[in-house]
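**Student:** Structure for this input, please:
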Amino acid sequence: MSIGPLLWQVTLAWQRAVRAALEPHDLTHVQFVLLTTVWSLGAQEEPPTQQRIAEHAGTDVQMTGQVLRRLAARQLISRELDDQDPRARRIVLTDTGRAVLAGARSDMATTDAGFFATLGVDSPVFLRGLTALRDTHR
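**Tutor:** Prediction:
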């Protein structure tokens with residue numbers, strides 16, 4: 001079997017594991033990634049804009065906006081006006097969002113550890129390979 005189809009099969013298996021881990025938190029994988037990005041960027045700088053979140057997560061800006069609006073409707077984030085650009089919104093995790101994300105991050109860490117445990121000591125090599133592929137094909 002060539003690498004491409006094998007990568008596809010492994011990706012599908014990992015996505016099934018991710019869906020199962022996030023289901024109790026009522027989050028999709030994209031919602032989890034964007035909440036994690038808001039949390040991470042917010043800890044490093046002022047609350048991020050939708051544009052900054054999309055850039056950091058590697059997601060489409062319009063799709064990011066749609067997902068953020070859904071997260072705001074669930075009161076997991078707030079979308080605050082930017083003092084310097086009235087067209088922009090700063091995205092902030094709410095207390096509810098922090099609580100949901102904390103549980104989801106814990107379950108995702110457990111899921112990833114279990115899923116990738118098969119790699120054993122080869123895990124760092126695998127991670128370097130995936131990082132090289134990502135960086136080459138951005």
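**Student:** In contact with the residue most central in space within the chain, which residues?
**Tutor:** Compute the mean C-alpha point of the chain, and by Cα atoms, centre = their mean the closest residue is Val33, 1.2 Å away. Neighbour list for Val33: 57, 59 [criterion: Cβ atoms under 8 Å, 6 or more residues apart in numbering]. Backbone N, C-alpha and C define where each C-beta goes, glycine included.
**Student:** Could I have the CA atoms of the biggest helix by length in the chain written out in CSV?
**Tutor:** In the chain, taking DSSP state H as the definition, the longest helix is helix 95-116. Only the C-alpha atoms of helix 95-116 are listed here, as CSV (Å, rounded to 0.1, in the frame of the first residue of the first chain):
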residue,chain,number,x,y,z
ASP,A,95,-16.2,31.0,32.0
THR,A,96,-18.5,28.3,30.5
GLY,A,97,-16.2,28.1,27.5
ARG,A,98,-13.1,27.6,29.7
ALA,A,99,-14.9,24.8,31.6
VAL,A,100,-16.0,23.0,28.5
LEU,A,101,-12.6,23.4,26.9
ALA,A,102,-10.8,22.1,30.0
GLY,A,103,-12.8,18.9,30.0
ALA,A,104,-12.4,18.5,26.2
ARG,A,105,-8.7,19.1,26.3
SER,A,106,-8.3,16.5,29.0
ASP,A,107,-10.3,13.9,27.0
MET,A,108,-8.4,14.8,23.8
ALA,A,109,-5.0,14.4,25.6
THR,A,110,-6.1,10.9,26.7
THR,A,111,-7.4,10.1,23.3
ASP,A,112,-4.3,11.2,21.5
ALA,A,113,-2.0,9.4,24.0
GLY,A,114,-4.0,6.2,23.5
PHE,A,115,-4.2,6.5,19.7
PHE,A,116,-0.6,7.2,19.1
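**Student:** Mind checking the pLDDT average for the following helix or strand past that helix?
**Tutor:** Following helix 95-116 in sequence order, the next helix or strand is helix 123-136 (DSSP states H and E). Averaging pLDDT along helix 123-136 yields 93.
**Student:** Noted, bye for now.
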